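# the sequence isn't on hand, but the structure is:
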């Protein structure tokens, strides 16, 4: 069975562009945000009851327009952990070029304990310059479009270093580290002198954490994760084969925000990169395809839902990362906008049978182990999200099962 993940993009509801303008900045509207928080328990219960594999959210900052108000995924995850019993909780994900790796390691380890291993962790590189550049300023991070520019290369270097530090914090009882961005401890070469509880740290702390001269020499991050060696890791990827080749040797799960033909190319690169590192993956295994599906009794209603729940954000936000789409979308009619959304390869709308046929055709090309379904709750009401999930789990997911029966001999080496 394909493993289905609900990805919630927290959106502050507005009845069209006029109301969003009247309530500007609606992203700070406390009443509307409370409205969104109030519907989460019903969605989380449905995820448990319907048998979804996971539910996740984003890290996005400064969305004054109210489109994706998700600055603290860990706090939402902690709330969700208390509301659920079976479904896995995570995020896709922490933008590591704008984060402290130690804080991410600590926070996710605690989430893993709160869920007793029902936690997964997502990492992203950061493509929105409005906030990636601001929050990543102290390590020189800038947002990237995976365009091979100097900023793109620097972003990748920083991302990989930050993730490596999270892994160190998760898996090593103590460590030292030095680069132009970080030192552990600080300063790494001198250590930290005159630690006031030195005698007890020497006796009770991590071996080697403190030397005989009362100087802290190593950094010990607590707690370690509940899951050993660490929770499953997802990494968002939409335009970079380098990200896919980075994930495979580490056992990370790439999530493809891509048309199916490009994602299929990435899947082949993932398998080849895994083989070079001694990890054997079946084609599609340990990989995720990301989609925005809208399911309704008629095709016309599904298209209307797609436009009502995602058309505004697509016209004003998503087209900014699609070449040549910004001006075209500005004056597009509803039918033209729907066509643009469908041509992106990420959005789809239709009846149950139409969506099932579309997903089956895509899984024939790339039998991904995971399907990530994105919904703009609360622009899309909770009951509509739940009904879409029900239809997908009961009518669509079973049709994908035959494509995700991987040979156990091809499973990735642990």
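That came through fine. Since we're looking at a predicted model, the values are computed, not measured. Residues are numbered from 1 along each chain as shown.
# where in the stretch 1-150 of the chain is pLDDT low?
Residue ranges of the stretch 1-150 of the chain with pLDDT under 70: none are present.
# and residue 150, how far is that from residue 144?
10 Å (C-beta to C-beta, to the nearest Å). For the C-beta atoms, the positions are set from N, CA and C on the backbone; glycine is no exception.
# mind telling me what element the residue nearest to residue 179 when sequence neighbours are not counted is part of?
Leaving aside its sequence neighbours, residue 179 sits nearest to residue 161 (C-beta to C-beta, 6 or more residues apart in numbering; 6.5 Å). Element membership of residue 161 [criterion: DSSP states H and E] is helix 150-171.
# other residues contacting that helix?
Helix 150-171 is contacted from outside by 96-97, 99, 101-102, 104-106, 108-109, 123, 125-126, 136, 139-146, 175, 177, 179, 181-182, 221, 224-225, 229-230, 242, 246, using C-beta atoms under 8 Å, 6 or more residues apart in numbering.
# apply 7 Å and report the result again.
The contact list for helix 150-171 (C-beta atoms under 7 Å, 6 or more residues apart in numbering) reads 96-97, 99, 101-102, 104-105, 109, 123, 125-126, 139-142, 144, 146, 175, 177, 179, 181-182, 221, 224-225, 229-230, 242, 246.
# over to stretch 36-44?
For stretch 36-44, using C-beta under 7 Å, 6+ apart, the contacting residues are 10, 12-13, 55, 80, 83-84, 377-378, 382, 385-386.
# and these, which are buried?
Among these, those classed as buried by 16 or more other C-beta atoms under 10 Å are 10, 12-13, 55, 80, 83-84, 377-378, 382, 385-386.
# ok, the residues you listed vs residue 288, which is closest?
Lowest distance from residue 288 to these (C-beta to C-beta) belongs to residue 55, with 13.8 Å.
# wait, doesn't that closest one sit right on residue 47?
Yes. Using C-beta atoms under 7 Å, residue 55 is in contact with residue 47, at 4.8 Å.
# burial measure for residue 399, as a count.
16 (other C-beta atoms under 10 Å).
# list the contacts for it?
Here residue 399 is in contact with 356, 360 (C-beta under 7 Å, 6+ apart).
# pretty sure it belongs to a helix, no?
Yes. Per DSSP: H, G, I helix; E, B strand; the rest coil, residue 399 lies within a helix segment.
# ok, it to residue 153 distance?
Using C-beta to C-beta, residue 399 is found at 42 Å from residue 153.
# and residue 278, by the same measure?
Following C-beta to C-beta, the distance that separates residue 278 from residue 153 is 28 Å.
# who's more crowded, these two?
Set residue 278 next to residue 153 and count neighbours by other C-beta under 10 Å: residue 153 wins out with 13 against 9.
# how near is the more buried one to residue 97?
12 Å.
# then residue 257?
Distance from residue 257 to residue 97, by C-beta to C-beta: 17 Å.
# which one of the two has more residues nearby?
Between residue 257 and residue 97, counted using other C-beta under 10 Å, residue 97 has the larger neighbour count: 27 against 22.
# and for the more buried one, nearest residue in space, chain neighbours not counted?
Nearest non-adjacent residue to residue 97, counting by C-beta to C-beta, 6+ apart: residue 141, 3.7 Å away.
# kindly report the same for residue 364.
Spatial nearest neighbour of residue 364, chain neighbours left out: residue 403 (6.6 Å); criterion: C-beta to C-beta, 6+ apart.
# part of a strand, is the one you found?
No. Assessed with three-state DSSP, residue 403 is helix; it does not lie in a strand.
# I figured it hits residue 367, correct?
Yes. Using C-beta under 7 Å, residue 403 makes contact with residue 367 at a distance of 3.7 Å.
# between the two, which one's more packed in?
The neighbour comparison of residue 403 against residue 367 (other C-beta under 10 Å) goes to residue 367, with 22 against 19.
# and that one, which of the three is it?
Applying three-state DSSP: residue 367 is coil.
# then the one 10 residues further on?
When the structure is split into helix, strand and coil by three-state DSSP, residue 377 lands in coil.
# need the contact list for it.
8, 10-11, 36, 39, 43, 385.
# same thing with residue 266?
Residue 266 makes contact with 237, 241, 244, 254, 256, 258, according to C-beta under 7 Å, 6+ apart.
# how near is the last one to residue 398?
Read it as residue 258. 25 Å.
# gap between the residue nearest to residue 145 when sequence neighbours are not counted and residue 120?
The shortest distance from residue 145 to any non-neighbouring residue, by C-beta to C-beta, 6+ apart, is to residue 127 (6.1 Å). Note on residue 127: its distance to residue 120, by C-beta to C-beta, is 21 Å.
# for residue 407, report the pLDDT, please.
pLDDT, residue 407: 63.
# ditto for the one 3 residues further on
On the pLDDT scale, residue 410 is placed at 43.
# so which other helices or strands are in contact with whichever strand or helix holds residue 312?
Per DSSP H and E, residue 312 falls inside helix 312-316. For helix 312-316, the packing partners by 3 or more C-beta pairs under 7 Å, 6 or more residues apart in numbering; DSSP states H and E come out as helix 334-343.
# report the buried residues of the helix it packs on.
Buried residues in helix 334-343 (16+ other C-beta under 10 Å): 337-338, 340-342.
# mark which of the contacts of residue 377 are buried, thanks.
By 16+ other C-beta under 10 Å, those give 8, 10-11, 36, 39, 43, 385 as buried.
# need the max-distance pair from those.
Maximum pairwise distance in the buried ones among the contacts of residue 377, criterion C-beta to C-beta, is 13.2 Å, between 11 and 43.
# for residue 337, which non-adjacent residue is closest in space?
Spatially, and ignoring its direct neighbours in sequence, residue 337 is nearest to residue 311 (5.6 Å; C-beta to C-beta, 6+ apart).
# ok, now how distant is residue 87 from residue 250?
Counting by C-beta to C-beta, the gap from residue 87 to residue 250 is 25 Å.
# oh, I was asking about residue 322
30 Å.
# thought residue 235 was touching residue 252?
Yes. With contact defined as C-beta under 7 Å, residue 235 reaches residue 252; the gap is 5.1 Å.
# now the helices for the stretch 1-150 of the chain?
According to DSSP state H, counting those that start in this stretch, the stretch 1-150 of the chain carries its helices in the segments 17-22, 30-38, 40-50, 73-83, 101-114, 129-135, 150-171.
# about what we covered before: now the helix holding residue 312, how far from the chain's geometric center?
21 Å (C-alpha atoms, centre = their mean, to the nearest Å).
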